[in-house]
Each structure stands twice: as C-alpha cells, then as structure tokens.
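Student: Sequence plus the predicted model coming up.
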Amino acid sequence: MRIAQVAPLWELVPPKAYGGTELVVHLLTEELVRRGHEVTLFAASGSKTSARLEVCAPVALRELEEQTKKDKTHCTVMAYELKMLQEVFQRADEFDVIHNHVGFQTLAFADFVDTPVVTTLHNALNPEPVRRLFYRNAHLPYISISHYQQQLWPELNYAATIHHGIDLNKFHPCYERDGKDYLAFLGRLSPEKGPHHAIRIAKELNMKLILAGKIDRVDQVFYDEELAHHVDGEQIIYIGELNHPQKVAFLRNAVATLCPVEWPEPFGLVMIESMACGTPVFALRDGSIPEVIDQEQSGYVADSVEELTEAVRRYRDYDRKLVRRLVEKRFSVQRMVDDHLRVYEALIAKRKPHKTLLEPESKLAACGPDLTSSLLTPSQIAGMKQSGPPLRQSVPVRNGRAYASTAGATAPNLNHISDASQPDPDMSEYYPEYLLGP
C-alpha cells in the first residue's frame, strides 16, 4: 500500500521532547514500513524515519518562534505549511491514501483529488472558526482518537475511533514499591492540565511532587502567578522538559502519576506511558479519561479534587504488574496500526470509480440519476460538467461542490455550539498562536 503521512511542521518527527501528535505519527509510520508498506512522510527537516522523508521545512517551526513573533501577517509559517500541502496534493496520484495529521489546513484540498484523504482529530476542534471549517467538510472521512470526540462532534463522518498506541519495548516497567517517594505530573504547565490541582493534592497528602513539562509562552503568566511560589525545590519540584529516556525513568520511579485535567482531553498519551511503566494514573473525569483508565485497576477516575486526593492516598493498593498488563492488552502500537490499516483498506475499496463506470448503462440507470452521479470522483465530475447541463441537473451544486441528493439526509449543523459550561482550552499545543486569532 502506498501511504502518505502528513505531519505537523511545528515539531520534529519524532519530537525531541514534547509532541504527542508527532510521536503518534512516528510510531504509525515506522510500523507501517516494518510491515512492508511504501510510506512517504511529509515533515520538517531533522525528522528521523525509515520511510521516504519529504522535507517541507528547514527546521521544526517551533525553532522559528522568535521570527514568527515579529511576522505580524504570519506568512512565514503559513508559507511552509502551504508549500507542503501543495506538494502532497500535486502528487496525490502517487498514493493509495493520504493521512492528514495537520488538521483543518488540509481540508480545503481534499475534494480536489481522487485519492482518499483521512484526517485524524488530534485536538478538540477549537476555536469556533476551526469548528465551522470542519463542519463545512463534514463529509470527509475522520478518525477520532477517543469515543468522547465523536460524542462532542457527531456531525462529522467518522471512519473509526482509534486509540493511540505506544512502543511498549521502549518503556521498562518497575514493579517495586519500595524506594519511591514522589508523585509525578507530566505535561504542559497550563491551567487545563491541572498542575495547580496536583500541587494541592501533594500538599494535602504531605507528599513530594515533581512537575515535568514545558511552559508555553501563553502559559507563562499562569506559571508565574499560580505555580511558581509553590515550587520550593523540596516538596514541590519543577524539572522542565524531558527526553524519552528521562521520561521513562521519571514515570517508572513515581508512586503514581497525576492527571487532574480541567478540559475535554482528546486522549492523553502520558496516561498510557505511565501505565506502561507500571505506574497507576489518578485523574479527574473529563474527555477521554474514563476510556483510558481501567477504574481501580490501572488507576482511578474521580469527579472532584477531594475524591482524587483520597484515591491517591491508597496508591499502594494497586498491582503495578496488572497496570502494565492492561496497557499491553489495549494500547500497543501493533493494535493501533492494525486499526489504521482496516480504515485505509476500507477507504481504498470505496474509491474504485473506474470499475463502477464500466458497469452496463442499464444497471446504473436503474439506480436513478442521483446514485449514478454520486459514484463519480471529483475529477470525473469536473470533466463531465464541461460537457453540458445534464450533470448539473442531476447533481445539485452547493458552495461550488457537487453532491448527490439523498432523501431524508440531514445536513451538518454549522451553528453547533459546545457546552458553555466547558472552558475553552489553550490550543497552542495543537496550533501555533497565529492560527488562534487575536
């Protein structure tokens, strides 16, 4: 199978430190190559892969952050992304399937090629202009990374839910409880990730807490005002970002990992990374959290900080070997790739436009003009539209796109408003500041 993997340019693939999306792209790409597929990875220079690498930026664009601050029109980053997408879609015929991990930027191109384009939703579809763009392209195939995403955005055309997987061989568990004396928090130090709750829990239990992760520019004020005065270097310690070996050592030697999130977490890789080390995870109930944690087996999901604090108090009750076994069963990279291959194969099988057009004319006519036109690919529709009005009569055209009419079909709700009680999370993890608007 010829597969294009289109990665974000903001981080390398795999990332040097933080970068959940880029790590998933790396694991997916490497396992596909290992299984004999012909994979092309579109990514930033410096990315490492056994696939064919197409370099689309001279460095990870995060390294151009100072330059992009001065670039008020945001042309620098946008130019690199558009250049990559132009390359991908000009070469679309070279691939059996194109897998988009970039996000909404790719959607506008997908209807102009016959090659199936599937998009993994690595984020929560915020802010509102981004959500509206997804709804405008609701007919395209999407992969959700949790069932929770599908409940939030039911208007989209989901091919599957595929939970993330990790390379378990790179996570060496520690089953001993003795000698461990700290709670771990790993992630961005931002309000929605809940480091302030982690500090509160540690102080209530009189336990040591080590915070690890990056502080984005947009979160610097939060850190300075809400966290910094608690970091004393003794009970509350901040150690910055970690590379992979450091992360594994950090997680395997913790008594427990805290994930007291305050936003609809799309998945949460840190949870399965912790469990792969044998370390149970204690989290607040939001987003995908209940899908990932097996209650009172691999960790605990609580409805309040008070309940979570009491659960953490019982961390010694957890069987660290069972924690590891559960993640082996549910979150291996092999299972993740099996799930993706089923989606790719289904999309390719649906394509088959040429075989359909060779069917006897009477068979197609018996299906009615609407069904006949719905079997055509975008390029075939474009070609037939030049030949005269019949196609325009049988296929309604809305907003410049041809659609087959379907009785009783419900159009996507373009005015979808999320629950007002949910706080809008900081999306800088997924999209740089220039995409969020003023």
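Tutor: Happy to help now that I have it.

Student: and the longest helix for this protein?
Tutor: helix 333-351 (DSSP state H).

Student: mind listing what's buried in it?
Tutor: Judged by neighbour count using 16 or more other Cβ atoms under 10 Å, the buried positions of helix 333-351 are 333, 336, 337, 340, 341, 343, 344, 347. Every residue, glycine included, has its C-beta placed from N, CA and C.

Student: mean confidence for that helix?
Tutor: The pLDDT scores in helix 333-351 average 96.

Student: Report the distance from that helix to the chain centre.
Tutor: Offset of helix 333-351 from its chain centre (Cα atoms, centre = their mean, to the nearest Å): 17 Å.

Student: So for residue 412, what's the pLDDT?
Tutor: Reported pLDDT for residue 412: 38.

Student: Show me the shaky parts of the protein.
Tutor: For the chain, applying pLDDT under 70 flags the ranges 18, 65-74, 125, 352-438.

Student: Give me the domain ranges for it.
Tutor: Following automatic domain parsing, one finds the domains of the chain at 2-161, 168-330, 363-402.

Student: Does anything pack onto the longest helix of the chain? Which helices or strands?
Tutor: Judged by 3 or more Cβ pairs under 8 Å, 6 or more residues apart in numbering; DSSP states H and E, helix 333-351 is in contact with helix 20-34, strand 97-100, strand 117-121, strand 141-144, strand 157-161.

Student: closest to residue 310 out of the ones you listed?
Tutor: With Cβ to Cβ, the closest approach to residue 310 among the helices and strands packed on helix 333-351 belongs to helix 20-34: 29.5 Å.

Student: mind saving the C-alpha coords of the closest one as CSV?
Tutor: The C-alpha trace of helix 20-34 is given here as CSV (Å, rounded to 0.1, in the frame of the first residue of the first chain):
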residue,chain,number,x,y,z
GLY,A,20,2.1,13.8,21.3
THR,A,21,0.9,14.1,17.7
GLU,A,22,4.4,13.8,16.2
LEU,A,23,5.1,10.8,18.3
VAL,A,24,2.0,9.0,17.1
VAL,A,25,2.9,9.8,13.5
HIS,A,26,6.3,8.4,14.1
LEU,A,27,5.1,5.2,15.6
LEU,A,28,2.5,4.7,12.9
THR,A,29,4.9,5.4,10.1
GLU,A,30,7.7,3.1,11.4
GLU,A,31,5.4,0.1,12.0
LEU,A,32,3.8,0.5,8.5
VAL,A,33,7.2,0.5,6.9
ARG,A,34,8.2,-2.6,9.0
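
Student: thought residue 4 was touching residue 37?
Tutor: No - counting by Cβ atoms under 8 Å, residue 4 does not reach residue 37; the two are 11.2 Å apart.

Student: how far away is the residue nearest to residue 240 when sequence neighbours are not counted from residue 256?
Tutor: Nearest residue to residue 240, sequence neighbours excluded (Cβ to Cβ, 6 or more residues apart in numbering): residue 212, at 6.9 Å. For residue 212, the distance to residue 256 equals 14 Å [Cβ to Cβ, to the nearest Å].
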